[in-house]
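# How does the following fold in three dimensions:
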Amino acid sequence: MTPAAPSSASPDIGFAESSLGQSLLRVLAEGSASNRAIADYVLRNQVRVTALGIEELADACDVSTATISRFARDLGFRNYAAMRGAVAETLQSVLQPVEKLRSTIARRAAKASPALESLGYAEAAITATSRALAGTQIDRIGAVLTRARTVYVLGFGLSSFLAGALAMHLQPFCRHVVEAAASGGTEVAASHLATITGKDVLVVISLPRYTLDAASLTRFARDAGATIVSITDSPASPLAELGHHVLYAHSTHPVLPSSSSAALAVIEALAVSLMTSNKANVAKAARHTEAIAAYLHGEHQIRKLVKKT
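Model (predicted):
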């Protein structure tokens, strides 16, 4: 099994896109419960796996060493050691461009505080996400949102503020936008999504740590015929397989459970694509700005700017 070609995407995405990663994703989707547990662990802990013996991996996945051995053979490897070697080889390939970027930022902030180092990680996350995304992909999603009868936006926990930001950006340019969870949580979200149909779109946002409710409500919406747009961090995310359209945002952070910086940048990029997609939306943006100008500081300057557009 050959390693992945060097990629500018995040390590998680690069690993998942490799031939080994694709095999693991197939197991994650179609394998037995024990094999899914192993595949999920390897996809999320590639670096750690390269240092684990077969007994340690078996303990981490709550399976037997014999199950680990069968798993490796089913993937086409002679034994677990050969599979672990392939994980290391694939990682070396996908980490090169990202580690180069990180080392550059680390050198620049060598004497920086942890807070400034966190800003450096945010910069690296946005850069890696930008390099991996295609503008045409974002534009296609913008067109899907424009055609929808209702756009539902869903996010729980740390993703709830991202859902709020996206809903606000979409409001002037979509027929009807509903922030499904808002301040009400799962029960309110389920109530909003109860009437979702094939004419609607659900944009769901979830980063580690993923919530079970986000995945179950997204599955419900998909089964009801709605188009699903997932904003998440990796092909190994439970939302990746549920999305008809998926936007990946790098979320790895050395201290926090995950970073939202790149996801917010993706949301802003989607909003900009929607705003500039046609003359009608540009006009809507101008009218929206004019409508709220009276409530903003410097209203006279804002009105002058609107008249020029």
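# Touching, residue 167 and residue 177? I think so.
Yes: Residue 167 lies in contact with residue 177 (Cβ atoms under 8 Å); the separation is 5.4 Å. For glycine as for every other residue, the C-beta is placed from the backbone atoms N, C-alpha and C.
# Need the residues touching each of the two.
Counting by Cβ atoms under 8 Å, 6 or more residues apart in numbering, the common neighbours of residue 167 and residue 177 are residue 153.
# and residue 118, how many neighbours does it have?
18 (other Cβ atoms under 10 Å).
# Please name the residues that touch it.
Residue 118 neighbours (Cβ under 8 Å, 6+ apart): 253, 254, 255, 256.
# Quick check: which element contains residue 203?
Assigned by DSSP states H and E, residue 203 belongs to strand 201-205.
# List of residues touching that strand?
144-145, 148, 150-155, 159, 162-163, 166, 180, 193, 196, 214, 217-218, 221-222, 226-232, 239, 242-243, 263, 267.
# what about the strands in the stretch 51-200 of the chain?
Taking DSSP state E, counting those that start in this stretch as the criterion, the stretch 51-200 of the chain contains strands spanning 151-155, 177-179.
# most packed of those strands?
strand 151-155 (a mean of 27; mean count of other Cβ atoms under 10 Å).
# Give me the angle between that strand and strand 201-205.
Put simply, strand 151-155 runs at 20 degrees to strand 201-205, going by axes from the mean of the first three to the mean of the last three Cα atoms, to 10 degrees.
# Could you list the paired strands of strand 151-155 along with their orientation?
strand 177-179 (parallel), strand 201-205 (parallel) (DSSP bridges).
# I'd like the average pLDDT over the first one.
So the one you mean is strand 177-179. For strand 177-179, mean pLDDT rounds to 96.
# that older thread, need the strands of the stretch 51-200 of the chain in CSV (columns: distance to residue 44).
Formatted as CSV, those follow (distance: least, Cβ to Cβ, whole Å):
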stretch, distance to residue 44
strand 151-155, 21
strand 177-179, 29
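# one step back: restrict the contacts of residue 118 to the buried ones and give me that as a PyMOL selection.
Buried subset of the contacts of residue 118, written as a PyMOL selection, criterion 16 or more other Cβ atoms under 10 Å:
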select buried, resi 253
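# Check the contacts of residue 118 and tell me the two furthest apart.
In terms of Cβ to Cβ, these reach their longest pairwise distance at 254 and 256, which sit 8.0 Å apart.
# Quick check: residue 228 is in a strand.
Yes: under DSSP: H, G, I helix; E, B strand; the rest coil, residue 228 falls within a strand.
# contacting residues for the residue nearest the centre of the chain?
When Cα atoms, centre = their mean is applied to the chain, the residue found nearest the centroid is residue 232 (1.6 Å). Residue 232 makes contact with 205, 206, 207, 239, 240, 243, 246, 247, 248, 249, according to Cβ under 8 Å, 6+ apart.
# change it to 6 Å
Residue 232 makes contact with 206, 239, 240 under the criterion Cβ atoms under 6 Å, 6 or more residues apart in numbering.
# now do residue 37
Counting by Cβ under 6 Å, 6+ apart, residue 37 has contacts residue 61.
# Now do it against residue 44, distance only.
In this view, residue 37 and residue 44 are 11 Å apart by Cβ to Cβ, to the nearest Å.
# re the thing from before, hmm, which of the contacts of strand 201-205 are the buried ones?
Judged by 16+ other Cβ under 10 Å, buried ones among these: 145, 148, 150-155, 159, 162-163, 166, 180, 193, 196, 214, 217-218, 221-222, 226-232, 239, 242-243, 263, 267.
# Ramachandran angles for residue 245?
phi -130, psi 130 (degrees, to the nearest 10).
# and this protein, what are its domains?
11-95, 135-272, 278-309 (automatic domain parsing).
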